[in-house]
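Visitor: Sequence first, predicted model second:
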Amino acid sequence: MTTIEQSGTPSVPPAAGVPTTRTPFKRVLAGSMAGAVLEWYDFAIYGILAATVLGPLFFPSGNAVASLLMALATQGLGFVARPLGGIVFGHLGDKFGRKPILVATFLMLGGATAAIGLLPTYGQIGIWATVALVVLRMIQGFALGGEFGAAVILVSEYGEPKRRGFWAAWPQAGAPAGTVLATATVGILAVVFPGDAFDEWGWRIAFLLAVPLLVIGFLIRRGVEESPVYQAAQVKAEAAAGQASAAKESSSIIAALRTPRPLLHGLGMRLGENIAFYVYTIFVIAYATTYFDYTRGAIVTTVAFASVCQFLGMIGGGWWSDRVGRKIAMLVPAVSLVVWAPIFFGLVHTENMIALGVGVCVGALLHGMLAGPEAAWITELFPTKHRFAGSSLVFQGSSIIAGAPAPFIAVWLVDRFSATAVILYLVITMAVTVIAVATSRETKGVDLDKLEKLY
């Protein structure tokens, strides 16, 4: 049975044949959080600057909306690469372990981000600037496809079952933490380099700051040992079938696809949640500054405050799910987000900064409460032998059907129709999330070694 050490961190007795030396849970959590913060810092920096700076620099056009759409479309390309990374790293993570994927994806992600900060613009080298930006964005997405799943799974497999929702919510909360860091960085740089100085070269510093984050995170992660749950599963598999037979097993991706029900539940859950995230944190920046008289600095500051609310919502949501169950903890905020969608746009349309701040912060808090329990819930849907693959297919597969097109679709809907169309977009997709959660099975406190019996 799992116990709690005096330090307050979980301790799991090793299985027979599994090495007894284990990384302290605090280091596991810190390593996972470091990667989660960096990966979402990288993505948030691009999203913020795509809506304000990168369009004219890399996608010059006589139409401001067209440049914005092209910049956001390139952001979407990063999401297209995420499922590919999820497939490749998901299989490798189930075959060779979680730790090597944590290190490899972390280095790829940070390196690509820093390289964007060094890119010449379209005005300097023409179309090659655009091509290079697209390639680096694809590398970011490919690395993120394996990074996030590894971080969440490692914490879930190390953590105490009765508090898994709480512990797994921390790497999940790397998204708002990274967004806070990104928006604060852009806000500070905009003050230090006012006007044209920021638009011409000051924005590069935001990307180059990935380098110190990369070094710190790498030093932490290098000392993290393999998940004891994964090691136990490997010992069990070798004892049952032997090394030769185990090597002939099909890809863990194929194994995950053979049981589609948990995949469909996970993808359905992520649909509305993913779209809500990008509408409240990325689309709102472009919408408020393009169609209303809000300043860029004010909106960026508001998103930063909203991300703090989102962070608290995720941690609180994960904690709550350990008490009331995953389903109730996710259904309550999902339904609330449906109700909040028209209220949010009504507050934005007042052109009052305080009203907009309330709209964004409440939306972000509700989203956090929905996404917090999601991390543990998704990892609990799959058995150890293909947990990395199955979780990656859900986390990253949803990015291509929901996250990637969300800002683009929302901008197009507003430009072609009105804000009402975006409200309907949010409501319909969130309804899918409600159905997916309502029809799923409760997994709170489940034994990660006995998940085959759930489906």
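Guide: Right, received. Where do you want to start?
Visitor: so which strand or helix has V360?
Guide: helix 353-379 (DSSP states H and E).
Visitor: Give me the next element, helix or strand, following that helix.
Guide: Next element after helix 353-379 (DSSP H and E): helix 387-398.
Visitor: Residues contacting that next one from elsewhere in the structure, which ones?
Guide: Contacts to helix 387-398, defined as C-beta atoms under 8 Å, 6 or more residues apart in numbering, come from residues 82-83, 85-87, 89-91, 93-94, 98, 101, 144-146, 148-150, 152-153, 157, 251-253, 255-257, 262-263, 266-267, 270-271, 274, 378-379, 381-382, 448. (Glycine included, C-beta is placed from N, CA and C.)
Visitor: how about a cut-off of 7 Å?
Guide: Helix 387-398 is contacted from outside by 82-83, 85-86, 89-91, 93-94, 98, 145-146, 148-150, 153, 252-253, 256, 262-263, 266-267, 270-271, 274, 378-379, 381-382, using C-beta atoms under 7 Å, 6 or more residues apart in numbering.
Visitor: What of stretch 107-124?
Guide: Residues from elsewhere that reach stretch 107-124 (C-beta under 7 Å, 6+ apart): 38-39, 42, 57-58, 60, 129-130, 132-133, 136, 139-140, 143-144, 147, 204, 207-208, 210-211, 213-214, 218.
Visitor: if we go to 8 Å?
Guide: Outside stretch 107-124, the residues within contact range by C-beta under 8 Å, 6+ apart are 35, 38-39, 42, 45-46, 57-60, 128-130, 132-133, 136-137, 139-140, 142-144, 147, 204-208, 210-211, 213-214, 217-218.
Visitor: Can you say which of these are buried?
Guide: Taking 16 or more other C-beta atoms under 10 Å as the criterion, what is buried in these is 35, 38-39, 42, 45-46, 57-59, 129-130, 132-133, 136-137, 139-140, 142-144, 147, 204-207, 210, 213-214, 217-218.
Visitor: Please flag which of the contacts of helix 387-398 sit within helices.
Guide: Applying DSSP state H to those, the entries found in helices are 82-83, 85-86, 89-91, 93-94, 98, 145-146, 148-150, 153, 252-253, 256, 262-263, 266-267, 270-271, 274, 378-379.
Visitor: how about stretch 419-429: buried residues?
Guide: Residues of stretch 419-429 classed as buried under the neighbour-count rule (16+ other C-beta under 10 Å) are A419, A421, V422, I423, Y425, L426, T429.
Visitor: Could I get the pLDDT score of the last one?
Guide: T429 is assigned 94 on the pLDDT scale.
Visitor: Okay, and it sits in which element?
Guide: Applying DSSP H and E, one finds T429 within helix 419-438.
Visitor: That helix: how far from the chain's middle?
Guide: 19 Å (C-alpha atoms, centre = their mean, to the nearest Å).
Visitor: One more: stretch 296-314?
Guide: Relative to its chain's centre, stretch 296-314 lies at 16 Å (C-alpha atoms, centre = their mean).
Visitor: any low-confidence regions in the stretch 151-300 of the chain?
Guide: 223, 225-228, 230-231, 233-250 (pLDDT under 70).
Visitor: Please enumerate the helices of it.
Guide: 164-172, 174-192, 196-197, 203-208, 210-221, 228-247, 252-257, 260-278, 284-291, 296-324 (DSSP state H, counting those that start in this stretch).
Visitor: In JSON lines: those helices, plus distance to L29.
Guide: Shown next, in JSON lines, are the helices of the stretch 151-300 of the chain (distance: least, C-beta to C-beta, whole Å):
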{"stretch": "helix 164-172", "distance to L29": "6"}
{"stretch": "helix 174-192", "distance to L29": "11"}
{"stretch": "helix 196-197", "distance to L29": "39"}
{"stretch": "helix 203-208", "distance to L29": "27"}
{"stretch": "helix 210-221", "distance to L29": "10"}
{"stretch": "helix 228-247", "distance to L29": "15"}
{"stretch": "helix 252-257", "distance to L29": "25"}
{"stretch": "helix 260-278", "distance to L29": "23"}
{"stretch": "helix 284-291", "distance to L29": "31"}
{"stretch": "helix 296-324", "distance to L29": "12"}
